[in-house]
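J.: Give me a 3D structure for the following:
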Amino acid sequence: MKATRGNVRWSVVAMLFFATTINYIDRQVLGLLKPTLEKEFEWTETGYSHIVMAFSGAYALGLLVFGWYIDKIGSKLGYIISIIVWSIAAMTHALVRTSLGFGAARAALGLGESGNFPAAIKAIAEWFPKRERALATGVFNSGANIGAVLAPPIVYALQRNFGWRSAFVWTGALGFLWLLWWWSKYEVPQKQRKLTSQELEYINSDPDNKDLPEKAKWLPLLGIRQTWAFIIGKFMTDPIWWFFLFWLPSWLSTRFNVDLKANLGLPIIIIYTATSLGSIGGGWLSSYLIRRGMPVFRARKMVMLVFAICVMPIFLVRFADSMWEAVALVSLAAAAHQAWSANIYTTVSDVFPKSAVSSVTGIGGMAGAVGGILFPLLVGNILEHYRLLGMINSGYNILFLLSSVAYVIAWTIMHYLMQTRQQAA
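T.: The predicted model follows:
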């Protein structure tokens with residue numbers, strides 16, 4: 001069956017792409033403003049890590065709850081609730097006057113933003129057959145990178161012209177514009193009037209896996225090895241992405257004395273442009289291998305191993321003599337992470353029935369967020385220790401070394417847990 005029998009499903013990807021773009025613009029604002037805010041509020045590295053942990057903790061809890069809840073109420077209403085909460089929370093940052101207030105605002109933002117990926121992955125499972133899911137996921141997931149590319153010029157321009165508080169207000173307001181689009185245009189395939197019968201048949205060409213639980217109940221799902229493979233994969237690799245997201249601007253400023261406001265964050269823009277290519281390319285590669293006849297699960301694992309290896313050279317940043325050499329190495333690692341991400345998300349819809357996809361995504365996402373709580377604590381302590389010694393770059397070198405091996409270790413554990421998976425489709 002050829003995929004040329006309608007393209008309504010790709011309009012859904014466009015909506016998911018823009019939601020994820022806004023999600024990451026809102027998430028990135030604090031990291032970009034860190035050099036300014038840490039002076040105004042006298043934050044230490046440890047204090048900043050606690051604010052990051054407030055976001056991570058709420059994000060972890062929200063993923064678990066939203067994942068389950070979206071399987072109950074559907075992706076349309078779930079997304080609506082999520083984006084209303086996170087947009088209001090993003091704008092609330094402009095009102096706070098204390099570090100405690102920033103922690104509370106970050107927690108609210110994390111709670112709201114946690115609904116994005118469970119809802120999006122569920123929508124992809126509803127709208128795409130397995131052979132296209134990684135590509136579709138890679139396209140919408142690239143919105144995370146586009147958001148990170150757009151954030152520096154937007155945030156620094158707003159800060160320069162209207163003050164740092166305006167950056168939180170105007171970026172937070174973007175979510176309400178997207179909400180009007182989603183509310184008026186999105187429906188599941190069975191209710192979408194513009195969908196042809198041929199495209200609907202193509203979308204539903206893969207049967208659900210009846211060997212695994214169809215109902216979204218946590219305990220039965222936690223008894224399955226494939227769930228734990230996803231949990232461990234997310235736990236070990238998501239924190240690396242969060243490290244990039246929240247500490248890269250500060251690292252560039254510290255290591256190379258880069259004034260990101262002066263050049264509107266050009267190094268960050270380059271890094272996250274590369275990650276967009278990684279996200280789409282990683283999704284395309286596994287879909288290409290499947291079209292060439294490789295079994296679905298084998299294609300996912302092979303592609304994930306390739307990109308796990310691509311992260312490893314990042315430890316070489318300690319030897320970089322120029323900022324652009326370092327930017328090239330970080331760009332490769334960040335692009336590889338997003339290629340990995342496009343495929344690890346898709347393994348959930350490869351294995352589990354559509355009715356459980358959001359729940360498993362939420363469980364694994366929560367594990368990644370828990371890692372995002374613990375790793376910033378480690379990051380903050382390491383950087384604070386080496387800052388007091390006057391050797392903060394040595395602290396960053398240790399963190400990049402840990403980042404370089406995390407994916408290969410995660411892939412090895414996942415491979416072991418997935419060995420019992422018998423899937424030739």
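J.: C-terminal to the helix or strand where Leu174 lies, what's the next element?
T.: Assigned by DSSP states H and E, Leu174 belongs to helix 164-185. Counting by DSSP H and E, the next helix or strand C-terminal to helix 164-185 is helix 197-203.
J.: Export that following helix to CSV, keeping only CA atoms.
T.: This file holds the C-alpha atoms of helix 197-203, laid out as CSV (Å, rounded to 0.1, in the frame of the first residue of the first chain):
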residue,chain,number,x,y,z
SER,A,197,-10.9,6.0,3.2
GLN,A,198,-7.6,5.0,1.5
GLU,A,199,-5.5,7.1,3.9
LEU,A,200,-7.4,5.8,6.9
GLU,A,201,-6.8,2.2,5.7
TYR,A,202,-3.1,3.0,5.4
ILE,A,203,-2.9,4.5,8.9
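J.: which strands and helices sit next to it?
T.: Counting contacts by 3 or more C-beta pairs under 8 Å, 6 or more residues apart in numbering; DSSP states H and E, helix 197-203 packs against helix 8-40. Yep, even glycine has a C-beta here, placed from its N, CA and C like the rest.
J.: Got the phi and psi for Lys194?
T.: The phi and psi values for Lys194, taken as degrees, to the nearest 10, are phi -80, psi -10.
J.: rewinding a little: in the helix holding Leu174, which residues are buried?
T.: 164-165, 167-172, 174-175, 178-179, 182 (16 or more other C-beta atoms under 10 Å).
J.: Tell me which stretches of the stretch 101-250 of the chain form helices.
T.: With DSSP state H, counting those that start in this stretch as the criterion, the stretch 101-250 of the chain has helices at 116-127, 130-162, 164-185, 197-203, 218-222, 225-256.
J.: For the fifth one, what does the pLDDT average out to?
T.: Think helix 218-222. Helix 218-222 shows a mean pLDDT of 71.
J.: The most centrally placed residue in the chain: what's it in contact with?
T.: Closest residue to the average C-alpha location of the chain: Ala144 at 6.3 Å, with C-alpha atoms, centre = their mean. Taking C-beta atoms under 8 Å, 6 or more residues apart in numbering as the contact definition, Ala144 lies against Thr20, Thr21, Asn23, Tyr24, Thr275, Ser279, Gln338.
J.: For Asp238, see how far away the last one is.
T.: Yep, that's Gln338 we're talking about. The gap separating Gln338 from Asp238 is 12 Å, by C-beta to C-beta, to the nearest Å.
J.: Which helix or strand lies directly C-terminal to the longest helix along the chain?
T.: Using DSSP state H, we find that the single longest helix of the chain is helix 354-388. Next along the chain after helix 354-388, taking DSSP H and E as the criterion, comes helix 392-417.
J.: For that following helix, name the packing helices and strands.
T.: Against helix 392-417 (3+ C-beta pairs under 8 Å, 6+ apart) you get helix 225-256, helix 296-311, helix 323-351, helix 354-388.
J.: Give me the contacts around the host helix or strand of Leu100.
T.: Taking DSSP H and E as the definition, Leu100 sits inside helix 99-113. Where contact means C-beta under 8 Å, 6+ apart, the residues beyond helix 99-113 that reach it are 23, 26-27, 30, 37, 41, 43, 47, 50-52, 54-62, 82-90, 92-93, 95-96, 369.
J.: Now do that helix and helix 354-388, the angle between them.
T.: Helix 99-113 runs at 150 degrees relative to helix 354-388, counting by axes from the mean of the first three to the mean of the last three C-alpha atoms, to 10 degrees.
J.: How far off centre is helix 99-113?
T.: Offset of helix 99-113 from its chain centre (C-alpha atoms, centre = their mean, to the nearest Å): 18 Å.
J.: what do you get for stretch 307-314?
T.: Distance, centroid of stretch 307-314 to centroid of chain: 18 Å (C-alpha atoms, centre = their mean).
J.: same thing with stretch 318-329?
T.: Distance, centroid of stretch 318-329 to centroid of chain: 25 Å (C-alpha atoms, centre = their mean).
J.: That one: which residues count as buried?
T.: So stretch 318-329, judged by 16+ other C-beta under 10 Å, has buried residues Arg318, Ala320, Ala326, Val327, Ala328, Leu329.
J.: Tell me the one of those residues nearest Ile382?
T.: Arg318 (14.2 Å; C-beta to C-beta).
J.: Relative to Met418, how far out is the closest one?
T.: Taking C-beta to C-beta, one finds Arg318 at 34 Å from Met418.
J.: mind checking how far Gly47 is from Arg387?
T.: Distance from Gly47 to Arg387, by C-beta to C-beta: 12 Å.
J.: Identify the residues contacting Ile231.
T.: So Ile231 contacts Ile363, Gly364, Ala367 (C-beta under 8 Å, 6+ apart).
J.: How about the contacts made by the first one?
T.: Pointing back at Ile363 there. Leu63, Leu64, Gly67, Trp218, Leu221, Leu222, Thr227, Phe230, Ile231.
J.: Next, Ala320: phi, psi?
T.: Per degrees, to the nearest 10, the backbone of Ala320 is at phi -70, psi 130.
J.: Pull out the buried residues from the longest helix of the chain.
T.: Neighbour-count burial for helix 354-388 [16+ other C-beta under 10 Å]: 354-373, 375-376, 379-380, 382-384, 386-387.
J.: For Asp321, give me phi and psi.
T.: phi -90, psi -20.
J.: Top of the contacts of Ile363 by number of neighbours, please.
T.: Gly67 (31 neighbours; other C-beta atoms under 10 Å).
J.: any idea which helix or strand carries it?
T.: Residue-wise, Gly67 maps onto helix 45-73 under DSSP H and E.
J.: Check which residues of that helix are buried.
T.: 45-71.
J.: and if you look at stretch 308-320?
T.: Buried, per 16+ other C-beta under 10 Å, within stretch 308-320: Ala308, Cys310, Val311, Met312, Ile314, Phe315, Val317, Arg318, Ala320.
J.: can I get those residues in TSV with pLDDT?
T.: Output for those, formatted as TSV (pLDDT from 0 to 100):
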residue	pLDDT
Ala308	94
Cys310	94
Val311	93
Met312	94
Ile314	91
Phe315	90
Val317	87
Arg318	85
Ala320	84
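J.: which two in the residues you listed are spaced the farthest apart?
T.: Top of the distance list for the buried residues of stretch 308-320 (C-beta to C-beta): Ala308 and Ala320, 21.8 Å.
J.: Any stretches of this protein with poor pLDDT?
T.: 1-5, 207-219, 260-265, 419-425 (pLDDT under 70).
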